[in-house]
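Chemist: need the 3D shape of this:
(one chain, ligands or ions: 1)
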Amino acid sequence: MGKGPGVQKMFDDIAPNYDLMNRVMTMGQDQRWRRFVVKKAGDPGSGMALDLATGTGDIVALMERQYPGGQYVGADFSLNMLREAKKRFSGQAIDWQASDANNLPYGDNSFESVTFGYLLRNVDDSLVVLKEIYRVLKPGGRVVCLDTTPPEKNILYPFIRFYFRFGIPLLGRFIASDEAAYSYLTGSTMGFHKAEELADIFRTAGFRGVDYKKFMMGTIGIHWGKK
Ligand SMILES: C[S@@+](CC[C@H](N)C(=O)[O-])C[C@H]1O[C@@H](n2cnc3c(N)ncnc32)[C@H](O)[C@@H]1O
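Modeler: Here you go, the predicted model:
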């Protein structure tokens, strides 16, 4: 069995505390990275934009506010995360849909942009998901991916490692009452592709103009490209 069912249950369980935990754990930086994602995704005009693994909806809500002419879909396979998203952004024109990133229920060449925050670390095979995203993007459409990335072994590494190994799980215990979910975050970050490797996987999936930028002492990566 793949990662899917365990990941789905984990996000269903932490959904009510997810946003507070995000703000505290990132020291309030997380919305800045999402704004960068929105800038890179650009204006879809009157076309459709998909935010995959939308969770509680922050990226797609920022998109809708920034570029109000588009048609927005926020998709996720955790129904509890989608429920939180709907509650938070009920006043915005966003269509919330249940869907699995491995097998998207959308036709070829449907979207002007596809964004996703913290998805690829959670799937069995990044290449399978990226090929699926490539399929649903229109030619010339933009992809933007936000995720954690394994820190480099520089002078800051011992402090960053300490924060990931002990700080984040401890915050998870007190804020989200779920230390295991946040130990998983640490493990899946340390075991994830390095930023340059991930850029190569984007290229293998067919994307062109692939590049990336790191944030938060090299622990966050934002990748982008075009179909
Ligand atoms: C860490 S949350 C990120 C939420 C949001 N993108 C953000 O910026 O806060 C990861 C989300 O990915 C979703 N997810 C993980 N694997 C998925 C899959 N195969 N298909 C759809 N959603 C998935 C989870 O349910 C969860 O809501």
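Chemist: who's in contact with F111?
Modeler: Shown in contact with F111 (C-beta atoms under 8 Å, 6 or more residues apart in numbering): 44, 47-50, 73, 136-138, 141. Where you see a C-beta, it was placed from the backbone N, CA and C, and this is true even at glycine.
Chemist: interface residues of this protein facing the ligand?
Modeler: Residues of the chain lying near the ligand by C-beta under 6 Å from any ligand atom: 4, 7-8, 11, 53-55, 58-59, 76-78, 81, 100-102, 117-119, 122-123.
Chemist: try it again with 8 Å
Modeler: 3-4, 7-8, 11-12, 15, 18-19, 22, 30, 34, 51-59, 75-78, 81, 99-102, 116-119, 122-123, 129, 146, 185 (C-beta under 8 Å from any ligand atom).
Chemist: still on that earlier bit, any idea which of the contacts of F111 has the most stuff around it?
Modeler: L50 (31 neighbours; other C-beta atoms under 10 Å).
Chemist: wait, it touches V136, no?
Modeler: Yes - between L50 and V136 there is a contact at 6.9 Å, judged by C-beta atoms under 8 Å.
Chemist: hey, what's in contact with both of the two?
Modeler: 106, 110-111, 114.
Chemist: do a quick rundown of the helices in this structure.
Modeler: 4-14, 18-25, 30-41, 58-66, 79-88, 126-136, 157-162, 168-175, 179-190, 195-205 (DSSP state H).
Chemist: can you list the weak-confidence ranges in this protein?
Modeler: Low-confidence segments of the chain (pLDDT under 70): none present.
Chemist: can you name the residue of it nearest to the ligand?
Modeler: Taking C-beta to the nearest ligand atom, the ligand has its nearest neighbour within the chain at G55, 2.3 Å off.
Chemist: number of nearby residues for that residue?
Modeler: The number of residues packed near G55 is 25, by other C-beta under 10 Å.
Chemist: A75 now?
Modeler: The burial count for A75: 23, using other C-beta under 10 Å.
Chemist: contacts only, for it.
Modeler: If you count contacts by C-beta under 8 Å, 6+ apart, A75 has them with 50-54, 96-99, 104.
Chemist: now with 10 Å, please.
Modeler: By C-beta atoms under 10 Å, 6 or more residues apart in numbering, the residues touching A75 are 50-54, 60, 82, 95-101, 104-106, 114, 116.
Chemist: next one: T26
Modeler: T26 makes contact with 32-33, 215-216, 219-220, according to C-beta under 10 Å, 6+ apart.
Chemist: how close does it get to P68?
Modeler: T26 is 27 Å from P68, where distance means C-beta to C-beta, to the nearest Å.
Chemist: so what touches stretch 164-178?
Modeler: 10, 13-18, 20-25, 148, 150-151, 159-160, 163, 179-187, 189-190, 219.
Chemist: let's see 8 Å
Modeler: 10, 13-14, 17-18, 20-21, 24-25, 151, 179-183, 185-186, 189-190, 219.
Chemist: quick revisit: most neighbours out of the contacts of T26, which is it?
Modeler: Most surrounded of the contacts of T26: other C-beta under 10 Å gives I220, at 23 neighbours.
Chemist: look up the closest residue to the residue of the chain closest to the ligand, ignoring the ones flanking it.
Modeler: In space, G55 comes closest to M81 once its chain neighbours are excluded; the distance is 4.7 Å by C-beta to C-beta, 6 or more residues apart in numbering.
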